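Asks: After the sequence you'll find the predicted model.
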Amino acid sequence: LLTVTTGAVDAASFLYLGHVFCSVVTGTMVLLGISVGTKDPSLALNCGVALVSYIVGVVAGTPLAVRRAGRWLEGWPVRRWHRATKHHEIWPSWLTVALAVEFGMLAVFCVGWEVTSGRPSGLTQRLLLASAGVAMGIQGATIRQLGEISTTYLTGTLTGVISALATGRRPDGLRRSLGIFVAMVTGAILSALSTTYQPALLPILVLAPIALVIWLASARFGPRPAVAGRDSQGSRP
């Protein structure tokens with residue numbers, strides 16, 4: 001679901017926000033080199049905005065993830081820690097908070113998109129590019145804390161899958177990786193169709209998947225009510 005949003009945002013940014021990507025940073029770096037070689041100041045500026053905003057998102061997202069993870073583990077006895085990790089190691093609570101922040105940045109992007117009727121230009125175009133870049137940086141930095149998983153840049157994931165298949169072994173998380181690839185392409189296809197024929201629908205495509213993730217994560221991995229008959233330390237009186 002998160003990768004659907006990534007594909008949608010990247011497609012929209014490439015088509016209508018200056019022909020650059022918000023999450024595929026290596027691609028944007030190549031475009032920056034092209035802009036210098038072809039003496040295209042407009043493309044260079046767009047690349048600079050995309051790169052700086054993504055870096056800002058990573059800088060904002062990484063401390064949020066590390067700090068919250070540290071606070072969560074701090075002061076937990078070993079027995080309680082083992083009980084907690086069974087529930088939280090799949091999806092830590094700080095990740096839901098980080099994605100909510102990302103949702104806020106994407107909501108700003110969507111408001112600007114609607115105000116400009118899906119055809120931003122000039123300063124507005126670069127402001128939308130910046131908000132989308134920050135959002136993708138937050139997502140990339142926080143999802144990375146879960147391990148060898150990415151929902152924003154997939155070159156490493158693709159290389160790992162192909163390398164494993166080439167050596168005759170089944171890659172770890174193959175179904176998840178294939179699902180992520182399909183989601184990225186699906187998001188890009190839907191975004192291209194939406195921005196071409198119904199630009200007003202792009203916010204739904206961008207916000208609905210991440211909103212669903214936040215809702216599911218809160219329902220499945222959110223705080224649980226206290227169990228009757230147990231004290232605050234998790235043991236029976």
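Replies: Yes, it's here. Numbers count the residues shown, from 1 in each chain.
Asks: which secondary element of the protein has the worst mean pLDDT?
Replies: Within the chain, confidence by mean pLDDT, DSSP states H and E is lowest for helix 78-88 among all helices and strands, at a mean of 44.
Asks: what sits against Gly140?
Replies: Going by C-beta atoms under 8 Å, 6 or more residues apart in numbering, Gly140 touches Ser23, Tyr54, Gly57, Val58, Gly61, Ser150, Thr151, Thr152, Tyr153. Glycine gets a C-beta too; all of them are placed from N, C-alpha and C.
Asks: ranges for the helices of this protein?
Replies: In the chain, the segments counted as helices under DSSP state H are 2-16, 25-37, 41-73, 78-88, 93-115, 122-144, 155-166, 174-197, 202-221.
Asks: check contacts around Val108.
Replies: Ser131.
Asks: Tell me how far it lies from Gly133.
Replies: Per C-beta to C-beta, to the nearest Å, Val108 is found 12 Å from Gly133.
Asks: before we move on, the earlier item: just give me the lowest mean pLDDT stretch among the helices of the chain.
Replies: Of all these, the minimum mean pLDDT falls on helix 78-88 (a mean of 44).
Asks: Same list (the contacts of Gly140) but as TSV, adding neighbour count and distance to Gly168.
Replies: Shown next, in TSV, are those (neighbours: other C-beta atoms under 10 Å; distance: C-beta to C-beta, whole Å):
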residue	neighbour count	distance to Gly168
Ser23	29	32
Tyr54	27	37
Gly57	29	39
Val58	19	36
Gly61	26	37
Ser150	21	25
Thr151	25	28
Thr152	28	30
Tyr153	17	27
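Asks: CSV for those, including distance to Val36?
Replies: Below are the contacts of Gly140 laid out as CSV (distance: C-beta to C-beta, whole Å):
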residue, distance to Val36
Ser23, 22
Tyr54, 19
Gly57, 24
Val58, 24
Gly61, 29
Ser150, 28
Thr151, 30
Thr152, 25
Tyr153, 23
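Asks: Right, I'll leave it there.
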